[in-house]
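Trainee: Next come a sequence and a model predicted from it.
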Amino acid sequence: MEAIRIHSFGGPEVLKAEEAPTPEPGADEVLIKIYASGVNPVDWKIREGMNKERFPTHFPLIPGWDLSGVIEKTGRDVNNFKKGDEVYSRPDLTKNGTYAEYVAVKASLVALKPKTIDHVHAAAVPLAGLTAWQGLFDYGKLKAGEKVLIHAASGGVGSFAVQFAKWKGAYVIGTTSEKNIDFVKSLGADEVIDYKKEKFEERLKNIDLVFDTLGGEIQEKSFHVLREGGRLITTVKPESTDESKSKHIRVEGFSANSIPEELTQIAGLIDRGKIKPIVGKVFPLEQAAEAQRLSKEGHVRGKIVLEVVHEK
């Protein structure tokens, strides 16, 4: 099969298009013919050798951990899927990924894809969608009527988080750049702050939940806007401060888990027209290096996707 592999850590130039063995599914796995693969920051972070303890890497490695495709073959113990099922998944990040024509994935990490969107848009959902869902609901415990501040609201995770929070009935505030203000409003945000022109920490107060994907100074300033006993949930390193402690703010970091039941819930919202995956840029598989360069720049609306099979 055709795949994009790396044989060493390094820059985008280490991504090579080459022939690789087609995987054989284990007893509890399914072999998926990949139609599209999402591109995420974790892809280039692993390629650069970051977080080696968390993501042990064996070369050659196929990156990519977001997919939409069709089941080609099932392992002998799999009885909840069959050949021909259209599925999507966030596979195991410690194994070969989805920049390829095929991947073997544990059936316990797979869900039926949304019926109303194509594979390119479905591939944009799993990792970013699960991150937004779990950050807001599993960890953030967001309730209807609460005020939530979502940083980087136009990005892959942020664009889902804005929509999920609005669907939940929260009052949604997002930060973004000027060019994306109308876009974030179109996703359902009640207020949008241009982070280059306005200091969110001076404008806001009594926020119930901050969802942070940026960390550092942004995370520290976010404590100013939270109410007493508020929550800050982050996808990066959580840092408590004197202010967070004095205000009894719950600070928690997390990495999203692959939970098919949640992917099924998200698929239902998409099929009912409540949520729309945002795809900012589509590349052919062979241009994975360029896709990762763009991902690292961090200025794309929504998600970047690699198209493996062109749908007519």
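Mentor: Nice, I can see it.
Trainee: for the spatially most central residue of the chain, phi and psi?
Mentor: For the chain, residue 128 is the residue whose C-alpha lies nearest the centre (C-alpha atoms, centre = their mean; 1.6 Å). When read as degrees, to the nearest 10, the backbone of residue 128 gives phi -70, psi -40.
Trainee: Use 24 as the first number from now on
Mentor: In the new count, where the first residue is 24, that last one comes out as residue 151.
Trainee: My read is that it contacts residue 63, right?
Mentor: Yes - Residue 151 is within contact range of residue 63, at 6.9 Å (criterion: C-beta atoms under 8 Å). The way it works is simple: take the backbone N, C-alpha and C, and place the C-beta from them, glycine included.
Trainee: Now for those two: what residues contact both?
Mentor: 89, 179, 326 (C-beta atoms under 8 Å, 6 or more residues apart in numbering).
Trainee: For residue 112, state which of those residues is nearest.
Mentor: Relative to residue 112, the closest of those is residue 89; by C-beta to C-beta it sits at 8.1 Å.
Trainee: Skipping its backbone neighbours, what lies nearest that closest one in space?
Mentor: residue 61 (2.9 Å; C-beta to C-beta, 6 or more residues apart in numbering).
Trainee: Please identify the helix or strand for the one you found.
Mentor: Element membership for residue 61 (DSSP states H and E) is strand 52-62.
Trainee: Quick check: can you name the pairing partners of that strand and their directions?
Mentor: Each strand paired with strand 52-62, and its direction, by DSSP bridges: strand 90-97 (antiparallel), strand 125-129 (antiparallel), strand 326-330 (antiparallel).
Trainee: Distance check, residue 303 against residue 328.
Mentor: 9 Å (C-beta to C-beta, to the nearest Å).
Trainee: sorry, that was for residue 322
Mentor: Taken as C-beta to C-beta, the span from residue 322 to residue 328 is 16 Å.
Trainee: now swap in residue 106 and tell me
Mentor: 24 Å.
Trainee: Just want to know which of residue 303 and residue 328 has more residues nearby.
Mentor: residue 328 (25 against 17; other C-beta atoms under 10 Å).
Trainee: wait, doesn't the more buried one sit right on residue 63?
Mentor: No - at 10.4 Å, residue 328 and residue 63 do not qualify as touching, with contact defined as C-beta under 8 Å.
Trainee: Run through the helices of the stretch 224-335 of the chain in chain order.
Mentor: Per DSSP state H, counting those that start in this stretch, the stretch 224-335 of the chain carries helices over the ranges 239-248, 265-269, 283-294, 311-320.
Trainee: With the stretch 24-173 of the chain instead?
Mentor: Going by DSSP H, counting those that start in this stretch, the stretch 24-173 of the chain shows helices at 64-70, 142-146, 149-156.
Trainee: how about the ones you listed in a markdown table, adding distance to residue 173 and mean pLDDT?
Mentor: Formatted as a markdown table, the helices of the stretch 24-173 of the chain follow (distance: least, C-beta to C-beta, whole Å; pLDDT from 0 to 100):
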| stretch | distance to residue 173 | mean pLDDT |
| --- | --- | --- |
| helix 64-70 | 17 | 94 |
| helix 142-146 | 21 | 98 |
| helix 149-156 | 9 | 98 |
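Trainee: Show me where the stretch 174-323 of the chain has its strands.
Mentor: 194-199, 214-217, 230-235, 249-257, 273-276, 302-307 (DSSP state E, counting those that start in this stretch).
Trainee: Among those, which comes closest to residue 35?
Mentor: Going by C-beta to C-beta, the one of the strands of the stretch 174-323 of the chain nearest residue 35 is strand 302-307, 12.1 Å.
Trainee: In contact with the residue nearest to residue 89, which residues?
Mentor: With C-beta under 8 Å, 6+ apart, residue 61 has these contacts: 87, 89-90, 121, 146-151, 326-329.
Trainee: which of those residues lies closest to residue 294?
Mentor: Once C-beta to C-beta is applied, the member of the contacts of residue 61 that ends up nearest residue 294 is residue 148, at 11.9 Å.
Trainee: just checking, that closest one touches residue 289?
Mentor: Yes - in this structure, residue 148 is within contact of residue 289 by C-beta under 8 Å, at 6.3 Å.
Trainee: re the thing from before, and the helices of the stretch 224-335 of the chain, which one is worst for confidence?
Mentor: In terms of average pLDDT, helix 265-269 trails the rest of the helices of the stretch 224-335 of the chain, at a mean of 92.
Trainee: Which elements pack onto that helix?
Mentor: Packed against helix 265-269 by the contact rule (3 or more C-beta pairs under 8 Å, 6 or more residues apart in numbering; DSSP states H and E) you find helix 239-248.
Trainee: How about the helix it packs on, which residues are buried there?
Mentor: 241-242, 245-248 (16 or more other C-beta atoms under 10 Å).
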